[in-house]
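Novice: What follows is a predicted protein model with its sequence.
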Amino acid sequence: VKGNGMGDNAYLSPASAELLWAENLLVVTNVIYDEASRKIKFTTTGYEGNAVIAAKDADGNIIWSWHIWSTDTPEEHTYSDINSNPTGILMDRNLGATSATPGDIGALGLLYQWGRKDPFMGSSSISSDTPKKTTIKWPNYVSTDETTGTIEYAISHPTIFIYRSGNDWLYQNSDSKAYSRWTAKKTIYDPCPPGWRVPSHSFWVNSNISMQDFDNVNKGKVVSGGCDASAWFPVSGNLEWENRLVNTGVWGHYWTCDKSSSSNSWAMRLYNNNYDNYNNNSYRGHSIRCQKDEEYSNTSVPTVVIDSIATATSTSAEIFANITYSGWSDITERGIIYSTSPDVTAETGTKVASSDAGRGAFSVTIDNLSSDIHYFVRAYASNANGTSYSDEKHFIIRIPYEGESVNLSANGTANSYIIGQAGTYSITPVK
């Protein structure tokens with residue numbers, strides 16, 4: 001699925017998958033698309049760093065890409081306002097960073113154009129503007145126009161910097177779509193990991209921020225905000241003009257999820273002994289310090305849906321379901337419950353568990369059914385936080401008279417089968 005799988009048209013049907021780039025070939029290996037399971041599979045070796053893998057269609061065009069960030073688990077730092085009311089939780093490091101240690105090159109992290117999900121490389125040192133090398137030679141920038149300055153182009157060209165002097169990289173930059181690429185409600189274009197999002201402008205405005213003097217040796221500042229710990233914020237520089245890295249060791253810009261105008265977006269800015277909230281051209285590439293997403297925290301139950309129903313035999317049916325959201329917690333059990341009475345519940349229905357667990361598509365077969373009887377079914381999924389159920393569907397197994405023409409459909413797909421004797425057998429979803 002695209003991003004967190006929660007948006008419209010989130011499902012993908014790739015023909016292949018490949019490693020697009022990596023800081024080192026040891027970060028991610030063996031990238032394949034497994035058509036049988038409809039999953040992209042890859043191997044991580046434990047080597048820290050960043051990589052991007054891409055799904056492609058039959059013509060070799062990129063239809064989506066994912067950032068793979070291999071690092072130890074970041075610490076969580078709680079910030080508060082002047083009255084000690086919590087304002088949010090931030091990671092202890094930049095997005096893409098493999099370290100939170102002052103002066104460590106691994107603390108710089110990656111750089112992002114506002115509203116884009118895919119990263120660009122930062123510097124190879126804490127004080128120079130030489131980009132860090134990866135497994136590819138990065139392509140030249142393009143200037144925005146009606147073709148290149150679109151979300152669709154950005155998705156299909158995740159390594160190309162889209163330039164627009166003094167403005168947003170998105171060509172049509174003033175409509176609701178332009179403003180909603182990143183929001184306080186996590187979108188599929190939000191580059192932060194599950195359970196995290198790009199922070200709000202209000203977080204920096206409301207937090208009681210204090211900073212130590214600029215560390216000219218390690219190139220950054222120790223920041224606290226009425227919080228339980230202090231965090232290192234490097235001045236990682238930024239991408240400007242025609243995708244040129246500038247100001248490494250001098251300036252640090254940290255994007256928020258809020259636009260300030262059609263051309264600019266809000267960022268937190270560090271330089272010398274100064275700190276401010278600054279609206280900056282949205283085409284520029286800045287750092288991100290992810291904020292914990294309370295709405296999609298690991299206290300949520302899963303989301304599960306029934307996709308379709310099909311006959312297996314004249315006395316059995318196969319239920320195809322999908323877990324579209326795991327609740328950021330491992331799925332411990334999944335399956336279906338069914339009954340001959342509506343409003344089926346765990347107490348009134350018969351449970352049939354799937355033979356495996358995990359997020360994504362699965363199917364369960366119900367046996368020993370009778371023809372011409374309504375059956376009511378719900379899918380279920382469980383994680384550490386509880387169990388959730390899909391909307392109820394109901395169906396009939398019908399055995400037509402010999403010679404009767406039956407042409408029924410389930411969710412838009414014809415489902416009729418020859419089962420043993422002469423005649424056509426079909427399952428009949430009636431809702």
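Specialist: Yes, it's here. Residues are numbered from 1 along each chain as shown.
Novice: can you list the weak-confidence ranges in the stretch 301-431 of the chain?
Specialist: For the stretch 301-431 of the chain, the stretches with pLDDT under 70 are 312, 328, 398-431.
Novice: Which stretches in it count as strands?
Specialist: For the stretch 301-431 of the chain, strands defined by DSSP state E, counting those that start in this stretch occupy the ranges 303-313, 316-325, 333-339, 350-353, 360-366, 374-383, 386-389, 393-398, 409-410, 413-414, 416-417, 425-429.
Novice: Identify each buried residue in the longest one, please.
Specialist: With burial defined by 16 or more other Cβ atoms under 10 Å, the residues of strand 303-313 counted as buried are 303-304, 306-312. Quick note: C-beta positions are derived from backbone N, CA and C, even for glycine.
Novice: farthest pair in those residues?
Specialist: Farthest pair in the buried residues of strand 303-313 (Cβ to Cβ) is 303 and 311. Separation: 26.9 Å.
Novice: ranges for the strands of the stretch 51-200 of the chain?
Specialist: 62-70, 76-80, 86-91, 112-113, 142-143, 162-163, 196-197.
Novice: Dump those to a markdown table, plus mean pLDDT, mean neighbour count and distance to residue 216.
Specialist: As requested, the strands of the stretch 51-200 of the chain are exported to a markdown table (pLDDT from 0 to 100; neighbours: other Cβ atoms under 10 Å; distance: least, Cβ to Cβ, whole Å):
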| stretch | mean pLDDT | mean neighbour count | distance to residue 216 |
| --- | --- | --- | --- |
| strand 62-70 | 97 | 19 | 29 |
| strand 76-80 | 89 | 18 | 24 |
| strand 86-91 | 90 | 21 | 24 |
| strand 112-113 | 98 | 25 | 26 |
| strand 142-143 | 96 | 16 | 36 |
| strand 162-163 | 96 | 23 | 31 |
| strand 196-197 | 94 | 26 | 31 |
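Novice: Include distance to residue 337 when you put those into JSON lines, please.
Specialist: Below are those laid out as JSON lines (distance: least, Cβ to Cβ, whole Å):
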{"stretch": "strand 62-70", "distance to residue 337": "34"}
{"stretch": "strand 76-80", "distance to residue 337": "37"}
{"stretch": "strand 86-91", "distance to residue 337": "37"}
{"stretch": "strand 112-113", "distance to residue 337": "44"}
{"stretch": "strand 142-143", "distance to residue 337": "53"}
{"stretch": "strand 162-163", "distance to residue 337": "49"}
{"stretch": "strand 196-197", "distance to residue 337": "34"}
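Novice: contacting residues for the residue lying closest to residue 97 once chain neighbours are set aside?
Specialist: Closest residue to residue 97 apart from its sequence neighbours, by Cβ to Cβ, 6 or more residues apart in numbering: residue 109 at 3.8 Å. Residue 109 makes contact with 93-97, 122, 234, 236, 287-288, according to Cβ atoms under 8 Å, 6 or more residues apart in numbering.
Novice: starting at the chain centroid, how far to stretch 172-185?
Specialist: Offset of stretch 172-185 from its chain centre (Cα atoms, centre = their mean, to the nearest Å): 17 Å.
Novice: Can you tell me what sits against it?
Specialist: 114-116, 149-151, 167-168, 170, 187, 189-190, 197-198, 200, 255, 257-259, 262-263, 282, 295.
Novice: Quick check on these: which are buried?
Specialist: Buried members of these, scored by 16+ other Cβ under 10 Å, are 114-116, 149-151, 167-168, 170, 187, 189-190, 197-198, 200, 255, 257-259, 263, 282.
Novice: What residues are bridge-paired with residue 362?
Specialist: Note on residue 362: beta-bridge partners residue 321, judged by DSSP bridges.
Novice: Is there a neighbour count for it? I'd like the number.
Specialist: As a burial measure, residue 362 scores 23 neighbours (other Cβ atoms under 10 Å).
Novice: swap in residue 371?
Specialist: 12.
Novice: thought it was touching residue 313?
Specialist: No - look at residue 371 against residue 313 with Cβ atoms under 8 Å: they stay out of range, at 11.2 Å.
Novice: all helices of the stretch 151-300 of the chain, in order?
Specialist: Secondary structure of the stretch 151-300 of the chain by DSSP state H, counting those that start in this stretch: the helices cover 151-156, 176-179, 201-206.
Novice: List the buried residues for the second one?
Specialist: Residues 178-179 are the ones in helix 176-179 that count as buried (16+ other Cβ under 10 Å).
Novice: swap in the first one?
Specialist: For helix 151-156, burial by neighbour count (16+ other Cβ under 10 Å) applies to 151, 153-156.
Novice: okay, those in CSV with distance to residue 17 next?
Specialist: Converted to CSV, those look like this (distance: Cβ to Cβ, whole Å):
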residue, distance to residue 17
151, 21
153, 21
154, 19
155, 15
156, 15
